[in-house]
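*Asks:* Whatever this is, show me its structure:
(2 chains, ligands or ions: 1)
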Amino acid sequence: MTGWTTHDGRAIALDRESVDTDQLIPARFMSTPRSEGYCRFLLHDLRFDPDGSPVPDFPLNRHPNASILASRRNFGSGSSREAAVYALVDYGFRAVIAPSFGDIFASNAVNNGLLPARVDDVDPLMAALGTGTAQARADLSTQTVTIGPLTVPFHIDPVWRQKLINGWDDIDLTLAHRDDIAAFRATRAAAAPWAIPNDNNGDRGPAPSQGGQ
Amino acid sequence: MKTLLDKLWDAHEIFRRDDGASLLWVDRHLVHEGSHHAFAKIDARGLPVAEPGLTTGVVDHYAPTRGRPSDPQIAAMIDRLERNTARHGITCYGLDDPRRGIVHVIGPEQGLTLPGLLINCGDSHTSTHGAFGALAFGIGATEVAHVLATQTIWQKKPKSMRITVTGQLGPGVGAKDLALAWIARLGADGARGHAIEYAGPAVSALSMDGRMTLCNLSIEGGGRFGMIAPDDTTFAYVNGRPHAPIDWDSALEAWATLPTDADATFDREVSLDAADIAPIVTWGVSPEDALPVTETVPDPRAFDGAKADRMRAALDYMDLVPGRALSDVPVDQVFIGSCTNARIEDLRAAAAVLSGRKAKVPGLVSPGSQIVKAQAEAEGLDRIFTDAGLDWVSAGCSMCVAMNGDVVAPGKRCASSTNRNFRGRQGRGARTHLMSPAMVAAAAVTGHLTDVRPLLSGRAV
Ligand code: SF4
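*Replies:* Here you go, the predicted structure:
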């Protein structure tokens, strides 16, 4: 993942609340290997009619070159499917602006270089965009988004902001702490031997179910 | 002065960076078919799985509920998990394993889920395991790859929130109703950024099956973590499970220290009176769109702005008009299943309603695991379902997520014991009403959304 500090592009509005991950990518597409690209799955069932033709007035069909998306509260709620983020990223989005995000979606987004920019009031941005598009900028150094003439601050956890800027890879970062992890593992095994599954690789046969009485 | 969250966090924190991010040790990692992205990521870097003995594979999302998978793409997803786990020396409850089932059902059932553990799974309903007093949360594919490679996870400590439920739930009202009640009140993002601890007499009175339902639905209210302090009910459930600790006494001693200290404080406190809660159904396309079944379809004109717009769109999708009695809404089919409500008590509750009655609409009953299935059959519950005219099938995620071929047809309305009524969740154009398994059974019997309570009178529940 490569880091970034500012991104310039076109913005559009998806003026609805609770765009959940099942909208972002319907489950039936999720067996596709990522290497095939997830662009065409993004918001599939809102974007295309059942016969496969594009819904003419859907924002993504009207303005196919957008890379910044403004939407309403509870964006990305639902499933932990990172495929929802893959679909946004493969389509070309670099930032989503909304008053709130699903927690798991937001962390998945950051892990893929997509900015979840939380704003206090999205109404002015929605009004500025309407059903149209505008030149826009997401700036991680000033923590602001600009849409047309409007510039507003956004919130993001400082850890996530650094990660987006540096393009950090968590696995590399963590493996540098190998010794700390090994020491912790040994301490925990001694302090909480019950936490180690007694027989995880053995086969003890089916257990009688005991739920309830 | 520590909360359950504090104690669990401290016990797993390897270290905390200056910026506040903690590196946490993961005691159990559960992987299902969706892990293919994560295995591809570690393979691309030539990394081994750090702790195969703490990792368990489960076939559930694509598991066929009848026979073998007929679709080659579905068969390939299952095969890929079985091969990825075998290659890395990970135990997998595969398609032919008599213990297989939905990941959040079999973790507890096998005693892999214990109080005091940190449990991750690439699935948002991992909060289910918090019912045991564990720190359990769903993660995305990049994080799954990280856990596979390091057995650790980076996480910033969430804020704490306690939902205290006083009083006693009425007859015919259960954990599902309780969960939908708080989600309707606080919103689908009401607990965002918070770890929820459920407490109070109505929570303590729940069985483990009920507690799992409650914690399972935390994510539908925006909470990535849901948890309940372990007590004797918890210990009685765990005792004797295949992977329960051998040194039981020292485990009990450790678990007894977990409950929140009396003087600990929470960032947020919410309280509900159980006596106020009636059987609930959803009318829209978000779990927050939930009302007692005795109410009517709400009118968007009573609201404004984006909320009114969202309600209008939801009612349009659901083909409902404001003012109509919810108990008047006919259903085309029913589904009893999922990690939310397909454990043995859920099946018993549904069977108590269906016993000696016929379903007016077709439906599917998919138990949460093959072990639950066997137990239900031993109790004769399968006969109650099939005599009523419903299909009794094998375990899996099935119609909760419609990945295995079990789908609700476009425009059809399904009364469902699952967790998400999102547009298209059960199939493109499908209309989902969430409710408890007993309420699903009631809808099956009458052919429309129905208050289950009168149907229970004179019956043992
Ligand atoms: S039953 Fe549904 S919610 Fe539960 S793990 Fe399966 S797909 Fe996810």
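*Asks:* Mind checking the pLDDT average for stretch A:188-207?
*Replies:* Mean pLDDT, stretch A:188-207: 71.
*Asks:* Tell me which stretches of chain A form helices.
*Replies:* All helices of chain A, identified by DSSP state H, fall at A:21-24, A:44-47, A:59-62, A:83-91, A:103-110, A:123-129, A:158-166, A:170-175, A:178-191.
*Asks:* and the residue nearest to B:Gly187 when sequence neighbours are not counted, how many neighbours?
*Replies:* What sits nearest to B:Gly187 in space, not counting adjacent residues and going by Cβ to Cβ, 6 or more residues apart in numbering or on different chains, is B:Glu288, at 5.1 Å. Where you see a C-beta, it was placed from the backbone N, CA and C, and this is true even at glycine. Here the number of neighbours of B:Glu288 (other Cβ atoms under 10 Å in any protein chain shown) works out to 26.
*Asks:* next one: B:Gln333
*Replies:* B:Gln333 - counted by other Cβ under 10 Å - has 22 other residues nearby.
*Asks:* related to what we said a few turns ago, got a markdown table for the helices of chain A, with distance to B:Lys41 and mean neighbour count too?
*Replies:* What follows is the helices of chain A, written out as a markdown table (distance: least, Cβ to Cβ, whole Å; neighbours: other Cβ atoms under 10 Å in any protein chain shown):
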| stretch | distance to B:Lys41 | mean neighbour count |
| --- | --- | --- |
| helix A:21-24 | 20 | 25 |
| helix A:44-47 | 24 | 18 |
| helix A:59-62 | 28 | 18 |
| helix A:83-91 | 12 | 24 |
| helix A:103-110 | 13 | 27 |
| helix A:123-129 | 34 | 17 |
| helix A:158-166 | 17 | 18 |
| helix A:170-175 | 8 | 17 |
| helix A:178-191 | 19 | 13 |
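*Asks:* Let's have the ones you listed in a markdown table, adding distance to B:Leu148.
*Replies:* Listed next are those as a markdown table, based on distance: least, Cβ to Cβ, whole Å:
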| stretch | distance to B:Leu148 |
| --- | --- |
| helix A:21-24 | 22 |
| helix A:44-47 | 29 |
| helix A:59-62 | 34 |
| helix A:83-91 | 18 |
| helix A:103-110 | 16 |
| helix A:123-129 | 39 |
| helix A:158-166 | 20 |
| helix A:170-175 | 9 |
| helix A:178-191 | 14 |
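*Asks:* Which among those helices is found nearest to the ligand?
*Replies:* helix A:21-24 (10.6 Å; Cβ to the nearest ligand atom).
*Asks:* Next, B:Cys121: phi, psi?
*Replies:* Dihedral pair for B:Cys121: phi -160, psi 150, per degrees, to the nearest 10.
*Asks:* Please name the nearest non-neighbouring residue to it.
*Replies:* Spatially, and ignoring its direct neighbours in sequence, B:Cys121 is nearest to B:Leu30 (4.0 Å; Cβ to Cβ, 6+ apart).
*Asks:* repeat for B:Ile139
*Replies:* For B:Ile139, the spatially nearest residue (Cβ to Cβ, 6+ apart) is B:Asn120, at 5.3 Å.
*Asks:* ok so that neighbour is a helix residue?
*Replies:* No - counting by DSSP: H, G, I helix; E, B strand; the rest coil, B:Asn120 falls outside a helix, being strand.
*Asks:* Please name the bridge partners of it.
*Replies:* Beta-bridge partners for B:Asn120, by DSSP bridges, are B:His29, B:Phe137.
*Asks:* And the pLDDT for the residue nearest to B:Cys121?
*Replies:* The per-residue pLDDT of B:Leu30 was computed as 98.
*Asks:* returning to what we had before: pretty sure the residue nearest to B:Ile139 contacts B:Val26?
*Replies:* Yes - using Cβ atoms under 8 Å, B:Asn120 is in contact with B:Val26, at 5.3 Å.
*Asks:* quick one: which of the two has more around it?
*Replies:* B:Asn120 (28 against 23).
*Asks:* so where is the chain shaky, pLDDT-wise?
*Replies:* In the absence of a named chain, this looks at chain A. Along chain A, segments meeting pLDDT under 70 span A:199-213.
*Asks:* that's the wrong chain, I wanted chain B
*Replies:* B:461.
*Asks:* Tell me how many other residues surround A:Gly113.
*Replies:* Neighbour tally, A:Gly113, other Cβ under 10 Å: 18.
*Asks:* List the residues that contact the closest residue to it other than its chain neighbours.
*Replies:* What sits nearest to A:Gly113 in space, not counting adjacent residues and going by Cβ to Cβ, 6+ apart, is A:Met1, at 5.1 Å. Taking Cβ atoms under 8 Å, 6 or more residues apart in numbering or on different chains, we find A:Met1 in contact with A:Asn111, A:Asn112, A:Gly113, A:Gly167, A:Trp168, A:Asp169.
*Asks:* From chain B, how far out is the third one?
*Replies:* Going back to what we said before, that points to A:Gly113. 11 Å (Cβ to the nearest Cβ, to the nearest Å).
*Asks:* could you pull out the strands for the stretch 1-150 of chain B?
*Replies:* B:13-16, B:21-25, B:28-31, B:55-58, B:91-93, B:118-121, B:135-138 (DSSP state E, counting those that start in this stretch).
*Asks:* For those strands, could you give me a markdown table that also reports distance to the ligand?
*Replies:* As requested, these are exported to a markdown table (distance: least, Cβ to the nearest ligand atom, whole Å):
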| stretch | distance to the ligand |
| --- | --- |
| strand B:13-16 | 28 |
| strand B:21-25 | 22 |
| strand B:28-31 | 10 |
| strand B:55-58 | 9 |
| strand B:91-93 | 14 |
| strand B:118-121 | 8 |
| strand B:135-138 | 9 |
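*Asks:* Can you tell me which of these is nearest to A:Thr146?
*Replies:* Evaluated over the strands of the stretch 1-150 of chain B, closeness to A:Thr146 peaks at strand B:21-25, with 28.8 Å, by Cβ to Cβ.
*Asks:* can you list contacts of the closest one?
*Replies:* With contact meaning Cβ under 8 Å, 6+ apart, strand B:21-25 is reached by A:159, A:174, A:177, A:180-181, A:184-185, A:188, B:9, B:12-17, B:118, B:135, B:151-157.
*Asks:* about what we covered before: same list (the helices of chain A) but as TSV, adding distance to chain B.
*Replies:* Putting those into TSV (distance: least, Cβ to the nearest Cβ, whole Å) gives the following:
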stretch	distance to chain B
helix A:21-24	4
helix A:44-47	5
helix A:59-62	15
helix A:83-91	7
helix A:103-110	4
helix A:123-129	8
helix A:158-166	5
helix A:170-175	5
helix A:178-191	4
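*Asks:* Tabulate the ones you listed in CSV, adding columns for distance to the ligand.
*Replies:* Formatted as CSV, the helices of chain A follow (distance: least, Cβ to the nearest ligand atom, whole Å):
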stretch, distance to the ligand
helix A:21-24, 11
helix A:44-47, 18
helix A:59-62, 27
helix A:83-91, 14
helix A:103-110, 13
helix A:123-129, 32
helix A:158-166, 26
helix A:170-175, 25
helix A:178-191, 28
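*Asks:* sorry, back to before: give me the buried subset of the contacts of strand B:21-25.
*Replies:* A:159, A:174, A:177, A:181, A:184-185, A:188, B:9, B:12-14, B:118, B:135, B:151-157 (16 or more other Cβ atoms under 10 Å in any protein chain shown).
*Asks:* All set, thanks.
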